[in-house]
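1. coords below, sequence missing:
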Ligand SMILES: C[S@@+](CC[C@H](N)C(=O)[O-])C[C@H]1O[C@@H](n2cnc3c(N)ncnc32)[C@H](O)[C@@H]1O
């Protein structure tokens, strides 16, 4: 990822010219009858999805036949409509999951399964002040903005201009307006965060970037005591590094790493089984909480000073530390005896068979 030398610029998240509709878009609506300006997802007979934005007088042309937008406006969400040649289409307002999975991407997005965990593990609450970096394509921004509600504040940082533009456009396309409590600062989090948020004023920080360990100190300064930091990282090397960085800083609780796997199921009659395919890996989450200034974790007081490979590192890979139950000498001897007895019996059987064969030959 390329670094930029430009000074940080914070701006309300105004979308670029082409993103929102030319006329003022209505407030986002998550239920109720379809209105002009709503996005509607049409599923055809072969399961193919098409998303349209309802506009009076407009027509959606399918492979065979057409559907007038006016025929959809006013219908309840979840209606089935027929096109001009009688083919049926299911009309549904897209869920946020549908929207983020199909929106244009600048950078890789956080998947819904991880976004859901992030909201829970980072304890994002309505009205909170949340810092997010980098903003990437804005997928996580959308989940955060929805959870924060109209009284919350989301302060997103992104060091690449063009990614910030994609995110602004995606957020505006989803809400139909630029959320008031959202700002996007173009710049590096390490440099920009202290100038945007005074020390101890942020409730939650969510980092999705290549090197979150570089931001530990600025995050510690920005967070309120007890505030939560959550990092999303894609690889185990990043996971290890970020966990150790939070531990070494002495300003956080012991980090909690986790991974979320969601396995979908096929359920049809008696064919009830996990689906053959699943999203095998996206990333790891690490959360930690900011200690009060000057507080020292009791366990940290006992920690030995660390070299690259300390006794602790070596100990970390012992079977006990890896959660594998050790086996006692006594039960090991018992297993050897059992195995030997099985082997002896097999040999004896084999020997008996051979002698019976030779008896027959005689
Ligand atoms: C994987 S993307 C984020 C995707 C985003 N969470 C989403 O769901 O759409 C990572 C982003 O972090 C940005 N980035 C990396 N390091 C950064 C830093 N120190 N400060 C600000 N942005 C950073 C990158 O430019 C990139 O756009």
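-> On my side now, so go ahead. This structure is a prediction, so every number in the text was calculated from the model and none was measured. Numbering: from 1, shown residues only.
2. what does this structure have sitting close to the ligand?
-> Applying CB under 6 Å from any ligand atom, one finds that the chain approaches the ligand through 1, 107-110, 133-134, 136-140, 157-160, 163, 188-190, 208-210. (Each C-beta comes from the backbone N, C-alpha and C, glycine too.)
3. which helices and strands does the helix or strand where residue 257 lies pack with?
-> Per DSSP states H and E, residue 257 falls inside strand 256-259. If contacts are counted by 3 or more CB pairs under 8 Å, 6 or more residues apart in numbering; DSSP states H and E, strand 256-259 sits against helix 112-121, strand 284-289.
4. including mean pLDDT, could the ones you listed go into JSON lines?
-> Below are the helices and strands packed on strand 256-259 laid out as JSON lines (pLDDT from 0 to 100):
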{"stretch": "helix 112-121", "mean pLDDT": "98"}
{"stretch": "strand 284-289", "mean pLDDT": "98"}
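5. adding mean neighbour count, write these out as a markdown table.
-> Shown next, in a markdown table, are the helices and strands packed on strand 256-259 (neighbours: other CB atoms under 10 Å):
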| stretch | mean neighbour count |
| --- | --- |
| helix 112-121 | 19 |
| strand 284-289 | 22 |
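6. which one of those lies nearest to residue 275?
-> Distance to residue 275, taken as CB to CB, is lowest for helix 112-121 among the helices and strands packed on strand 256-259, at 14.1 Å.
7. excluding sequence neighbours, find me the nearest residue to the spatially most central residue of the chain.
-> Centroid check for the chain by CA atoms, centre = their mean gives residue 114 as the closest residue, at 2.6 Å. Leaving aside its sequence neighbours, residue 114 sits nearest to residue 282 (CB to CB, 6 or more residues apart in numbering; 5.6 Å).
8. ok, residue 58 next?
-> Nearest residue to residue 58, sequence neighbours excluded (CB to CB, 6+ apart): residue 69, at 4.5 Å.
9. contacting residues around that neighbour?
-> Taking CB atoms under 8 Å, 6 or more residues apart in numbering as the criterion, residue 69 is in contact with 36, 52, 54-60.
10. can you check residue 166 too?
-> Going by CB under 8 Å, 6+ apart, residue 166 touches 104-106, 136-138.
11. mind checking pLDDT for the nearest residue to residue 107 once chain neighbours are set aside?
-> Leaving aside its chain neighbours, residue 107 sits nearest to residue 136 (3.7 Å; criterion: CB to CB, 6+ apart). Looking at residue 136, its pLDDT stands at 96.
12. pretty sure residue 136 contacts residue 168?
-> No - between residue 136 and residue 168 there is no contact under CB atoms under 8 Å: 11.8 Å.
13. about what we covered before: next, give phi and psi for the residue nearest to residue 58.
-> phi -60, psi -40 (degrees, to the nearest 10).
14. quick check: buried residues in the longest strand seen in the chain?
-> Longest strand of the chain, by residue count under DSSP state E: strand 223-233. By 16 or more other CB atoms under 10 Å, the buried positions in strand 223-233 come out as 223, 227-233.
15. pLDDT added to those residues, as CSV?
-> Output for the buried residues of strand 223-233, formatted as CSV (pLDDT from 0 to 100):
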residue, pLDDT
223, 98
227, 98
228, 99
229, 99
230, 99
231, 98
232, 98
233, 98
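16. return the member of these nearest to the ligand.
-> The nearest member of these to the ligand, counting by CB to the nearest ligand atom, is residue 232 at 7.2 Å.
17. list the contacts of the nearest residue in space to residue 129 that is not next to it in sequence.
-> Distances taken as CB to CB, 6+ apart put residue 153 closest to residue 129, at 4.6 Å, once the chain neighbours are dropped. Taking CB under 8 Å, 6+ apart, we find residue 153 in contact with 128-130, 181-182.
18. farthest-apart pair in these, please.
-> 128 and 182 (13.1 Å).
19. ok, the closest residue to the ligand within the stretch 251-362 of the chain - how many residues close by?
-> Relative to the ligand, the nearest point of the stretch 251-362 of the chain is residue 283 (9.1 Å; CB to the nearest ligand atom). Other residues lying near residue 283 total 19 when counted by other CB atoms under 10 Å.
20. thought it was touching residue 231?
-> No - using CB under 8 Å, residue 283 is not in contact with residue 231; the gap is 9.3 Å.
21. okay, now the unreliable bits of the stretch 1-150 of the chain?
-> For the stretch 1-150 of the chain, residues meeting the criterion pLDDT under 70 lie at 1-9, 11-28.
22. swap in 50 and give it another go.
-> Within the stretch 1-150 of the chain, the stretches with pLDDT under 50 are 1-6, 14-27.
23. residue 102 contacts residue 50, correct?
-> No - using CB under 8 Å, residue 102 makes no contact with residue 50, being 10.6 Å away.
24. contact partners for residue 96?
-> Going by CB under 8 Å, 6+ apart, residue 96 touches 112, 142-143, 146, 174.
25. same thing but 6 Å
-> Under the criterion of CB atoms under 6 Å, 6 or more residues apart in numbering, residue 96 has no neighbours.
26. just use 31 as the starting number from now, easier for me
-> In the new count, where the first residue is 31, that last one comes out as residue 126.
27. sec struct for residue 307, please.
-> Put simply, residue 307 is coil when judged by DSSP: H, G, I helix; E, B strand; the rest coil.
28. burial of it, as a residue count?
-> Neighbours of residue 307 (other CB under 10 Å): 8.
29. that one: what's it in contact with?
-> Under the criterion of CB under 6 Å, 6+ apart, residue 307 has no contact partners.
30. swap in 10 Å and give it another go.
-> Contact analysis of residue 307 by CB atoms under 10 Å, 6 or more residues apart in numbering lists 293-294.
31. what of the one 4 residues further on?
-> Residue 311 makes contact with 264-265, 289, 291 under the criterion CB under 10 Å, 6+ apart.
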